[in-house]
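# return a 3D structure for these sequence lines:
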Amino acid sequence: MEGLEKLKDLAIDVDRKYLIIGGVGVASLVALGGCYYVWRRRDRKQIDPKESLLRKDPEGSDKKTPFDTAVELKVRGNQLYKAKRYAEAIDCYTEGLSLPLCEADYSNELAVFYHNRAVAHDELKDIKAVIYDCTKALQLNKRYEKALNRRAKAYRRSGKSQLALEDATALCFLQKFENEDTIKFADSILKETSNAKAKEKYASRGRNPRLPRKAFIDSYFQSFRFDVAGAADAEMEEGEVLSGYLSASRDFHGGKFDRIVELCTEELETPGTLYAVHARLLRGTFYMLTGAVDKARADLDAVVESSEADPSQKANALIKRGSLLMQIGDAEGAKSDFNAAVAEAPNDTDVFHHRGQLSLLLGDTAEALRDFDRAVQLAPDFEQCAAQRAYCRHQRAVQSRSATADTLEAFPELQRRFPDCVEAYALHAQALSDLSRYGEADAAFVRALELEPTNATTLVHRAVLWLTWKPDPEGAVGLINKALEVDERCEFALEILGTVEMQRGNTEAAIGCFEAALDSTKSELEMVHLYTMIDAAKARLSASLSYGPIEAPLAAAFPR
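Alright, predicted model coming up:
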């Protein structure tokens, strides 16, 4: 039951991220310190390190054994190390390791020799030698925490971050995730590897753009009350031969998106075109949706700077450029563009609606509520914005710890005014779940799915509710699989399924889910999040193979 409770908390955290718009790492390592232990060859009895380290031979004579000589060399090496005579210390340790000692009898003691030599090599900045000696030490004693710690740091300095993460994770397992310094160290490695991989993946998406699924595109444009990107100023007669942009506009309104970029490019290559701004705005929008960030930025910049663009076109381009900046983690740049959009079109509902969504995503419910209020004032019939405003009011009450049944009163009224608005039920369900009113929340999700049975995102939200509410996760997994039948590329479904598989101990299956989700993820920040999960899961798998299944807290073993 404890594992299920942890899974519930994790699923709720992931769910919120997708609700608005859509880890702490794994491991690190720090040596626990220490004395070394001497073991008798016959009975392996532990000897107090304060007692004499010299060992008599089996007949009881005063003749020193090879081990006694090795210990003397180790003591001498330690003295030389303290005197900062590192090369001489290395020679002492090397001489001790050359003595005829049976590894089976003296594995722990020899591991200490190798580690001490690694420490001296570390002072001389010989990273390869550090890695070699720590590896030898771990071959002799795979639970040697100091060697794991030092090798992880050496791997990181040599640019082998994944190997560093695996060592750090192994140490976290050995320490049962109780050492905060170790966890922080591993987390820093995890962030480093995840950010680098996400940056490369996001850049490569621009080189290999792919149109997202139609449901996503439809949902994106539904977040605008009126998107001027696809607007046409001329009447289009049936059968008329249309220019590139007018053809693109016709396809856009007909839900055909495959040739939008091609047709807009054709328009822009036409001498004396009257639709240059229109074509750039629509093409830039679809470049953004396909992940071609640089091309999208160029088109949107051109619209913003054009003397021929009207205020509504400039505001629309600024909204989308701000969203693009948010995708790469530039929150300040996004805010600046949204503020500029307000200046361009102070009576544009979409400007306030989208700026409100940005503020809600950033956790500023006060600013978000002001913008949603203004948007609804400008367009009282904009049902999606009205639903967002109701949810924002609830979230503001949650932040101030004053959320009660009264904070949900706006939702039934919305449902009476807009009986076919999916968001009015889906957001109501989430708010009810926040107050642990799970049965009512489930009923609201059922109503949302009656209105839109093929909404994969709503199916997954309901699955997350079930993970929170019900003791058996199988029903939730069934809902997630149904969502994937509707949309096999739904990244939300894949991420939640991966989370469940991780908690079940099916690490390889979890990795497969997260990697599949990467192909549909729209933002660099989401890629960072998924790579964090992937790298954490791979490191955990590696540690489990080496050390066996070790129970670990979900929050530590699996990033959020």
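# any low-confidence regions in the stretch 451-560 of the chain?
549-560 (pLDDT under 70).
# repeat that for 80
522, 548-560 (pLDDT under 80).
# just the chain next, same as before
Residues of the chain meeting the criterion pLDDT under 80: 1-63, 203-209, 229-242, 402-407, 522, 548-560.
# kindly recompute the last result at 50.
1-4, 7, 12, 14, 16-61, 234, 552-560 (pLDDT under 50).
# kindly list the longest helix within it.
Assignment by DSSP state H gives helix 180-207 as the longest helix of the chain.
# check which element follows that one along the chain.
Once helix 180-207 ends, the next helix or strand along the chain (criterion: DSSP states H and E) is helix 214-222.
# what does that next one contact?
L211, D227, G230, G255, F257, L289, Q384, T454, N455, A456, D487 (Cβ atoms under 8 Å, 6 or more residues apart in numbering). No exception for glycine: its C-beta is placed from N, CA and C like everyone else's.
# quick one: buried residues of that helix?
A215, F216, I217, Y220 (16 or more other Cβ atoms under 10 Å).
# what do you get for stretch 419-436?
421-435.
# what's the answer for stretch 487-501, then?
Neighbour counts over stretch 487-501 (16+ other Cβ under 10 Å) mark 487, 489-501 as buried.
# Y531 contacts E192, correct?
No: look at Y531 against E192 with Cβ atoms under 8 Å: they stay out of range, at 10.7 Å.
# picking up where we left off before, just the ones in helices from the buried residues of stretch 419-436, please.
When DSSP H is applied, the buried residues of stretch 419-436 are split such that 422-434 fall in helices.
# if we can go back for a sec, which one of the buried residues of stretch 419-436 is nearest D105?
Nearest to D105 among the buried residues of stretch 419-436 is S433, at 60.8 Å by Cβ to Cβ.
# OK, contacts around that closest one?
Shown in contact with S433 (Cβ under 8 Å, 6+ apart): A441, L465, T468, W469.
# please repeat the previous calculation with a cut-off of 10 Å.
12, 15, 440-442, 444-445, 461-462, 464-465, 468-469 (Cβ atoms under 10 Å, 6 or more residues apart in numbering).
# what's the distance between it and V422?
The gap separating S433 from V422 is 16 Å, by Cβ to Cβ, to the nearest Å.
# which among the contacts of S433 end up buried?
For the contacts of S433, a burial check counting by 16+ other Cβ under 10 Å picks out I12, D15, A441, D442, A444, F445, H461, R462, V464, L465, T468, W469.
# could you measure from the fourth one over to A317?
Here D442 is placed at a distance of 41 Å from A317 (Cβ to Cβ).
# returning to what we had before: secondary structure for the buried residues of stretch 487-501 - can I get that in a markdown table?
Formatted as a markdown table, those follow (DSSP: H, G, I helix; E, B strand; the rest coil):
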| residue | secondary structure |
| --- | --- |
| D487 | coil |
| R489 | coil |
| C490 | coil |
| E491 | helix |
| F492 | helix |
| A493 | helix |
| L494 | helix |
| E495 | helix |
| I496 | helix |
| L497 | helix |
| G498 | helix |
| T499 | helix |
| V500 | helix |
| E501 | helix |
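# out of the residues you listed, who's nearest K128?
Comparing those against K128 with Cβ to Cβ places G498 closest, at 36.5 Å.
# tell me how far stretch 402-414 lies from the chain's centre.
Relative to its parent chain, stretch 402-414 has a centroid offset of 32 Å by Cα atoms, centre = their mean, to the nearest Å.
# buried stuff in it?
A403, T407, L408, A410, F411, L414.
# I'd like these written out as a markdown table, with distance to A537 and secondary structure added.
Below are the buried residues of stretch 402-414 laid out as a markdown table (distance: Cβ to Cβ, whole Å; DSSP: H, G, I helix; E, B strand; the rest coil):
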| residue | distance to A537 | secondary structure |
| --- | --- | --- |
| A403 | 34 | coil |
| T407 | 38 | helix |
| L408 | 37 | helix |
| A410 | 41 | helix |
| F411 | 38 | helix |
| L414 | 40 | helix |
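# the residues you listed: which two are farthest apart?
Farthest-apart pair in these is A403 and L414; separation 17.5 Å (Cβ to Cβ).
# hang on, the earlier thing: make a markdown table out of the buried residues of stretch 402-414 and add distance to S336.
Output for the buried residues of stretch 402-414, formatted as a markdown table (distance: Cβ to Cβ, whole Å):
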| residue | distance to S336 |
| --- | --- |
| A403 | 32 |
| T407 | 32 |
| L408 | 35 |
| A410 | 31 |
| F411 | 34 |
| L414 | 32 |
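# wait, a strand at L282?
No: counting by three-state DSSP, one finds L282 to be helix, located in no strand.
# just checking, it touches R259?
No: L282 is beyond contact range of R259, at 11.7 Å (criterion: Cβ atoms under 10 Å).
# give me the common contacts of the two.
Here L282 and R259 have A248 as joint contacts, going by Cβ under 10 Å, 6+ apart.
# out of the two, which sits in the more crowded spot?
Neighbour count, other Cβ atoms under 10 Å: between L282 and R259, L282 has more, with 26 against 13.
# separation between the nearest residue to the more buried one once chain neighbours are set aside and Q327?
Nearest residue to L282, sequence neighbours excluded (Cβ to Cβ, 6 or more residues apart in numbering): A229, at 4.6 Å. Going from A229 to Q327 by Cβ to Cβ gives 18 Å.
# the two: which has the busier surroundings?
Taking neighbours as other Cβ under 10 Å, A229 and Q327 compare with A229 leading, 26 against 21.
# show me what contacts that one?
By Cβ under 10 Å, 6+ apart, the contact set of A229 is 221, 248-249, 252, 260, 264, 278-286, 303, 313, 316-317, 320.
# next SSE downstream of the helix or strand harbouring L148?
Element membership for L148 (DSSP H and E) is helix 145-157. Past helix 145-157, further along toward the C-terminus, the next helix or strand under DSSP H and E is helix 161-174.
# buried ones in that next one, by neighbour count?
Going by neighbour count (16+ other Cβ under 10 Å), the buried part of helix 161-174 is 161, 163-174.
# quick check, nearest of the residues you listed to S546?
Nearest to S546, judged by Cβ to Cβ, of the buried residues of helix 161-174 is A170 at 6.2 Å.
# look up how far D122 lies from that closest one.
Distance from A170 to D122, counting by Cβ to Cβ: 19 Å.
# do E452 as well
Distance, E452 to D122, by Cβ to Cβ: 60 Å.
# same check on A509?
With distances taken as Cβ to Cβ, A509 is found 39 Å from D122.
# looking at these two, which is more packed in?
Between A509 and D122, counting by other Cβ under 10 Å, D122 is the more crowded of the two (19 against 15).
# and what about the nearest residue to that one once chain neighbours are set aside, helix, strand or coil?
Excluding the flanking residues, the one nearest D122 by Cβ to Cβ, 6+ apart is V130, at 5.0 Å. Secondary structure, three-state DSSP: V130 is helix.
# can you give me every residue that contacts F338?
315, 318-319, 321-323, 325-326, 351-352, 354-359, 371.
# need the contact list for A456.
Contact analysis of A456 by Cβ under 10 Å, 6+ apart lists 213, 215-216, 480, 482-493.
# the same query, at a cut-off of 7 Å, please.
Residues near A456 by Cβ atoms under 7 Å, 6 or more residues apart in numbering: A483, V486, D487, C490, A493.
# quick revisit: which of the buried residues of helix 161-174 lies closest to E344?
Among those, S161 lies closest to E344 (Cβ to Cβ), at 44.0 Å.
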